[in-house]
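Colleague: Pasting the sequence and the predicted model now:
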Amino acid sequence: MLRIYRSYAFHELKRTEEARDNLLRVVDQFPREATMRYNLACYECHLGRLEQARAWLEKAFALGNAKGMKLMALVDPDLQPLWKKIGEI
């Protein structure tokens, strides 16, 4: 969980690439952690990497409460470029 909080802090400090890299280093160690994948989707989207963002969202939805996460994603400003496509995921 510390990595998630640290990454979020980096993102809030406008250091989104560091936030992404921080989670990418450990995401495979937490195969059932949906929040990490959701946050990676946010960071990739913010960095303009929409295909990667969509792939992370798909993984997050598959692991977590898909309906709840989709509702959250539809109001998350970091994911705004994907709002129209979230229903397809």
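Modeller: Done, it's in. Residues are numbered from 1 along each chain as shown.

Colleague: ok, and what's touching the lowest-mean-pLDDT helix or strand in the chain?
Modeller: None of the helices or strands of the chain scores lower by mean pLDDT, DSSP states H and E than helix 2-12, at a mean of 91. For helix 2-12, the external contacting residues (C-beta atoms under 8 Å, 6 or more residues apart in numbering) are 16, 18-20, 22-23, 26, 35-36, 39, 42-43, 46. The C-beta positions use only the backbone N, C-alpha and C, and glycine is treated the same way.

Colleague: what about 10 Å?
Modeller: For helix 2-12, contacts defined as C-beta atoms under 10 Å, 6 or more residues apart in numbering pick out 15-27, 29-30, 33, 35-36, 38-40, 42-43, 46, 78.

Colleague: again, but for stretch 21-30
Modeller: With C-beta under 10 Å, 6+ apart, stretch 21-30 has contacts from 1-4, 6-11, 15, 33, 35-37, 39-40, 43-44, 56, 59, 63.

Colleague: go again using 7 Å as the cut-off
Modeller: Arg3, Arg6, Ser7, Phe10, Met36, Asn39, Leu40 (C-beta atoms under 7 Å, 6 or more residues apart in numbering).

Colleague: Now the buried members of the contacts of helix 2-12.
Modeller: Among the contacts of helix 2-12, those classed as buried by 16 or more other C-beta atoms under 10 Å are 16, 18-20, 22-23, 27, 30, 33, 35-36, 38-40, 42-43, 46, 78.

Colleague: Kind regards, and thank you for your time.
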